[in-house]
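>>> just coords:
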């Protein structure tokens, strides 16, 4: 039987705030265990949570950017469960009345565009972290992460393939990073994804029994885990076996999922409104001020780069992969470099060099105006392409401007027509047999004469002009 996969994703994004959601403790990653804690985030008796307004602003930015309705009233809820990394034995979250609902994202996957619905976006606090020590046979708890602000983004079950799920995740991450809402670091856990997947016979409207996949810390890991789970569930269904509703962990080394526990339902968490927190009320005028501060988002920027700068879809996609990179490229173009030439230098030479040194575009030793200066020297014929590569390498090493280095390195290109004609005349006189052979039909000898000219001028002749002059002087 042919089956169709039904996939929905739950993304937890850590919000870029300096302090936690309900207290003043730092959110900085990598601090010694249990140093960023206080009575509030540790759930001590008698303490009360105080909401961090910045958390609401960042969640609102995300809702607006993903076409959600931002509700004027939302309610905080207690999600009750017992686990060693949860000091209060409940998590403050939102349930029946979240901040944002009813959004969508348009994604490109497998050559087609598809709209993926977003059910809800709500805010909540993170739990702590268990650190297992197999040598001692014990586990430790680090509560630094307890109370760190999270935003949960729940999609509709609109995805049908792992490729669509990967495209949705990448598009969502790009938006969050552009908004400066989340740093998108999956390895550090600031952008985490759980996947719900079920199979059903093709054409059937009723959903199958779903499993939840956890422990995926890369885009590749998400797609591979979904591919495996589709194969596993299909094989079970074809053999007449029943799919269990459960949470499964992805094992990247074994390339398979393992059962972890039975999948909880909402009633298992005994949600109820948090008595320590009033309902959250956001003013519409405040929401509109947040909307006015939204940056141009990745999809719109890609379309504009193609339209405004005449770039290919591929180059526009590379250049808009991050907001700082897009801003760097536009600064190069604004400084007078031809847009397509600038795109080639940024996407190939500059990014290649930066990746080789493990640097980001914000750490580039070559400023946008300086790269534009190099490109202008190349385009006006002052230096050749080969010389430009040499100058670029020196710019990376020294941070000096291109014009300064061209003088210091004696690399000015010879483009004086009279000077080059004189050089070519001497070459023709020294090689009469080759001249006769060329005129007899061996046109490939043109490269020989150009090579001689480049050699005599120590590589500083304008190669394009030399080609044109040689062909004209030789009569064809």
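In hand now; what should we look at? Quick caveat, the model's predicted, so the values are computed rather than measured. Residues are numbered from 1 along each chain as shown.
>>> make sure residue 121 is indeed in a strand.
Yes: when DSSP: H, G, I helix; E, B strand; the rest coil is applied, residue 121 is found to be in a strand.
>>> measure it to residue 198 for me?
Note on residue 121: its distance to residue 198, by C-beta to C-beta, to the nearest Å, is 23 Å. Placement of C-beta: from N, CA and C, glycine included.
>>> kindly report the same for residue 109.
Distance, residue 109 to residue 198, by C-beta to C-beta: 19 Å.
>>> element containing the residue most central in space within the chain, please.
The residue lying closest to the centre of the chain (C-alpha atoms, centre = their mean) is residue 174, at 4.8 Å. Assigned by DSSP states H and E, residue 174 belongs to helix 162-178.
>>> what does that helix contact?
Helix 162-178 has contacts (C-beta atoms under 8 Å, 6 or more residues apart in numbering) with 7, 9, 11, 13, 62, 65-66, 105-110, 114, 116, 153, 155, 159, 182-184, 191, 193, 195, 219, 222-224, 226-227, 230, 295, 297-299, 321-323.
>>> average pLDDT for that helix, rounded please.
What helix 162-178 shows for mean pLDDT is 95.
>>> give the next helix or strand downstream of it.
Next along the chain after helix 162-178, taking DSSP H and E as the criterion, comes strand 191-201.
>>> which helices and strands does that following strand pack with?
Applying 3 or more C-beta pairs under 8 Å, 6 or more residues apart in numbering; DSSP states H and E, one finds that strand 191-201 contacts strand 3-14, helix 162-178, strand 211-216, helix 219-238.
>>> next one: the helix or strand just after the first one to chain centre, how far?
Heading C-terminal from strand 3-14, the first helix or strand you meet, by DSSP H and E, is helix 53-65. Relative to its chain's centre, helix 53-65 lies at 20 Å (C-alpha atoms, centre = their mean, to the nearest Å).
>>> packing partners for helix 53-65?
For helix 53-65, the packing partners by 3+ C-beta pairs under 8 Å, 6+ apart come out as strand 69-70, strand 100-109, strand 112-125, strand 149-155, helix 162-178, helix 284-292.
>>> okay, buried residues for it please.
Across helix 53-65, burial judged by 16 or more other C-beta atoms under 10 Å covers 55, 56, 57, 58, 59, 60, 61, 62, 63, 64, 65.
>>> likewise for stretch 462-476?
Using 16+ other C-beta under 10 Å as the test for burial, stretch 462-476 gives 462, 463, 465, 466, 469, 470, 474.
>>> now residue 85, nearest residue through space, not along the chain?
residue 128 (3.6 Å; C-beta to C-beta, 6 or more residues apart in numbering).
>>> before we move on, the earlier item: dump the helices and strands packed on strand 191-201 to a markdown table, plus distance to residue 337.
Output for these, formatted as a markdown table (distance: least, C-beta to C-beta, whole Å):
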| stretch | distance to residue 337 |
| --- | --- |
| strand 3-14 | 36 |
| helix 162-178 | 24 |
| strand 211-216 | 41 |
| helix 219-238 | 33 |
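>>> how about the closest residue to residue 274 other than its chain neighbours, what does it touch?
Distances taken as C-beta to C-beta, 6+ apart put residue 76 closest to residue 274, at 4.3 Å, once the chain neighbours are dropped. Contact analysis of residue 76 by C-beta under 8 Å, 6+ apart lists 92, 93, 94, 273, 274, 277, 279, 280.
>>> show the buried residues in these.
Using 16+ other C-beta under 10 Å, the buried ones in the contacts of residue 76 are 92, 93, 94, 273, 274, 277, 280.
>>> so which of the residues you listed are in strands?
Using DSSP state E, the subset of the buried ones among the contacts of residue 76 located in strands is 92, 93, 94, 273, 280.
>>> turn these into TSV, including pLDDT and distance to residue 204.
Listed next are these as TSV, based on pLDDT from 0 to 100; distance: C-beta to C-beta, whole Å:
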residue	pLDDT	distance to residue 204
92	97	39
93	97	33
94	97	33
273	95	38
280	97	40
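>>> so who does the nearest residue to residue 281 once chain neighbours are set aside touch?
Spatially, and ignoring its direct neighbours in sequence, residue 281 is nearest to residue 73 (5.5 Å; C-beta to C-beta, 6+ apart). By C-beta under 8 Å, 6+ apart, residue 73 lies in contact with 97, 279, 280, 281, 282.
>>> of the helices and strands packed on strand 191-201, which approaches residue 387 most closely?
Smallest distance to residue 387 across the helices and strands packed on strand 191-201 (C-beta to C-beta): 37.1 Å, for helix 162-178.
>>> tell me what angle the closest one forms with strand 149-155.
Orientation of helix 162-178 against strand 149-155 (axes from the mean of the first three to the mean of the last three C-alpha atoms, to 10 degrees) gives an angle of 140 degrees.
>>> so where is the stretch 151-300 of the chain shaky, pLDDT-wise?
Under the criterion pLDDT under 70, the flagged ranges of the stretch 151-300 of the chain are 262-266.
>>> tabulate the helices and strands packed on helix 53-65 (a markdown table), appending distance to residue 240.
What follows is the helices and strands packed on helix 53-65, written out as a markdown table (distance: least, C-beta to C-beta, whole Å):
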| stretch | distance to residue 240 |
| --- | --- |
| strand 69-70 | 44 |
| strand 100-109 | 32 |
| strand 112-125 | 33 |
| strand 149-155 | 31 |
| helix 162-178 | 25 |
| helix 284-292 | 53 |
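>>> nearest to residue 137, of the ones you listed?
strand 112-125 (30.3 Å).
>>> so what touches whichever helix or strand comes after the closest one?
Downstream of strand 112-125, the first helix or strand assigned by DSSP H and E is strand 129-133. For strand 129-133, contacts defined as C-beta under 8 Å, 6+ apart pick out 33, 84, 85, 139, 140, 141, 142, 144, 145.
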